[in-house]
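> Return atomic coordinates for the entry below.
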Amino acid sequence: MAEPIIRADKLTKYYGRARGVIELDLEVQPGEVFGFLGPNGAGKTTTIRTLLDFIRPTAGRATIFGLDAHRDSLAIRRRIGYLPGELTLYESLSGRELLSYFAHLRGMLRDGRGEVLAERLDCDLGREIRTLSHGNRQKLGLIQALMADPELAILDEPTLGLDPLVQLEFFKIVDEIRAAGRTVFVSSHNLPEVERICDRVGIIREGRLLAVETVAGLKERALRRLELRFAEPVPVDLLAGVPGVRDLVVDGANLTCVVVGPVDPVLRTALRHEIEDVISHEPGLEEVFMAFYGGQAVGEAPDAA
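Next comes the predicted model:
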């Protein structure tokens with residue numbers, strides 16, 4: 001097996017007594033899009049900043065391209081593209097001037113890659129950065145991270161502030177990066193985004209890596225809240241015994257439940273009666289954690305990990 005692009009061994013970071021990340025073991029393989037999923041404050045950005053040697057770990061170590069994340073940090077940065085979660089840009093420059101500046105720092109020839117990405121992401125490079133909305137600044141951050149075709153792109157909350165059409169174009173760009181054999185590490189708190197673009201997902205909560213799942217495995221254990229409205233009242237035990245059904249409530253012609261895993265068995269059973277409406281609610285991350293780990297206490301290591 002090829003050397004992992006990213007490897008963390010017992011990576012730990014404390015800020016005084018405050019928790020950053022705790023004994024994080026992680027491997028990201030060449031050519032994959034790896035999602036780092038967790039709510040705000042879970043430790044995603046701390047992990048990225050430690051990997052890039054912006055902050056030093058309290059314990060443990062990390063390598064990127066097989067190089068030590070601290071000792072070889074300059075050599076590593078030459079080969080990566082990075083979008084920080086808290087993006088700060090030079091306010092007095094135009095977008096075009098900013099990209100030219102970053103291209104010069106990288107020793108890039110003017111091959112037009114930045115302009116091509118700007119067109120795809122609908123980014124006006126002629127305006128001063130001080131006049132741009134958050135979403136348009138985010139576009140510039142993505143362009144500077146990707147325009148050099150880096151071996152590894154590390155993107156912290158990349159779609160934050162982007163409108164849906166631009167998000168779709170970004171997803172296409174990620175698919176193209178994967179097809180070219182390059183690697184992407186995406187930090188996100190957006191479950192549908194991670195399911196759309198990633199091959200594998202690491203789930204982090206309160207500084208601890210709870211699990212690493214394939215996206216297929218994640219979907220098999222997906223949680224949804226369903227509301228069904230029937231043409232007529234249905235039996236209260238209509239879905240009794242159907243795998244994955246929880247919290248079932250039947251009130252005349254209205255049925256609500258939580259489904260863990262595929263919804264097909266639920267719908268096949270429900271279609272024995274005439275359905276007038278189906279509403280599916282996207283779960284929050286906390287609900288996803290509960291689906292994975294039941295009522296397990298916060299911070300307790302999962303049995304399956």
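> Roughly how far does residue 230 sit from residue 274?
Using CB to CB, to the nearest Å, one gets 6 Å for the distance from residue 230 to residue 274. Where C-beta positions appear, they are placed from N, C-alpha and C, glycine not excepted.
> Okay, helices next: where are they in this structure?
Counting by DSSP state H, one finds helices in the chain at the ranges 44-51, 73-77, 95-106, 113-120, 134-146, 164-179, 191-197, 215-220, 264-270, 285-293.
> Check the gap between residue 268 and residue 184 for me.
To residue 184, residue 268 is 37 Å away according to CB to CB.
> care to break this protein down by domain?
6-219, 223-282 (automatic domain parsing).
> and the closest residue to residue 82 other than its chain neighbours, how many residues sit next to it?
Sequence neighbours aside, residue 154 is the residue nearest to residue 82 in space, at 5.0 Å (criterion: CB to CB, 6 or more residues apart in numbering). Neighbour count of residue 154, defined by other CB atoms under 10 Å: 25.
> My read is that residue 154 contacts residue 51, right?
Yes - assessed by CB atoms under 8 Å, residue 154 is found in contact with residue 51 at 7.4 Å.
> Low-confidence ranges, the protein, go.
Within the chain, the stretches with pLDDT under 70 are 1, 109-111, 220, 282-305.
> Start from the N-terminal end of it and give the strands.
For the chain, applying DSSP state E gives strands covering 6-15, 18-28, 33-37, 59-64, 67-68, 80-83, 152-156, 183-188, 200-205, 208-214, 223-230, 245-251, 254-260, 275-281.
> Using CSV, please lay out the ones you listed together with distance to residue 139.
Listed next are those as CSV, based on distance: least, CB to CB, whole Å:
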stretch, distance to residue 139
strand 6-15, 26
strand 18-28, 25
strand 33-37, 20
strand 59-64, 26
strand 67-68, 30
strand 80-83, 11
strand 152-156, 13
strand 183-188, 16
strand 200-205, 25
strand 208-214, 30
strand 223-230, 32
strand 245-251, 41
strand 254-260, 37
strand 275-281, 30
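> between those, which one is nearest to residue 46?
For these, proximity to residue 46 was assessed by CB to CB; strand 18-28 is nearest, at 4.0 Å.
> Could you name the helices and strands sitting against that closest one?
Packing partners of strand 18-28 (3 or more CB pairs under 8 Å, 6 or more residues apart in numbering; DSSP states H and E): strand 6-15, helix 44-51, strand 59-64, strand 200-205, strand 208-214.
> Ok, which of the ones you listed comes nearest residue 264?
Ranking these by their distance to residue 264 (criterion: CB to CB) puts strand 208-214 first, at 19.8 Å.
> CA atoms of the closest one as PDB?
C-alpha atoms of strand 208-214 as PDB (Å, rounded to 0.1, in the frame of the first residue of the first chain):
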ATOM      1  CA  ARG A 208     -11.800  12.800  19.700                       C
ATOM      2  CA  LEU A 209     -12.000  10.900  16.500                       C
ATOM      3  CA  LEU A 210     -15.000   8.700  16.900                       C
ATOM      4  CA  ALA A 211     -14.900   6.800  13.700                       C
ATOM      5  CA  VAL A 212     -13.600   6.700  10.100                       C
ATOM      6  CA  GLU A 213     -16.300   5.500   7.700                       C
ATOM      7  CA  THR A 214     -16.700   5.100   3.900                       C
END
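> Now do the most centrally placed residue in the chain against residue 194, distance only.
Geometric centre of the chain, nearest residue: residue 188, 3.2 Å, by CA atoms, centre = their mean. Note on residue 188: its distance to residue 194, by CB to CB, is 5 Å.
> Overlap in contacts, those two.
Listed as contacting both residue 188 and residue 194 by CB atoms under 8 Å, 6 or more residues apart in numbering are 35, 37.
> from memory residue 204 sits against residue 42, does it?
Yes - under the criterion of CB under 8 Å, residue 204 is in contact with residue 42, at a separation of 4.7 Å.
> how long is stretch 269-281 from one end to the other?
Length of stretch 269-281, first residue to last, CA to CA, to the nearest Å: 20 Å.
> Which positions in that stretch come out as buried?
Of all the residues in stretch 269-281, those buried under the rule 16 or more other CB atoms under 10 Å are 270, 273, 275.
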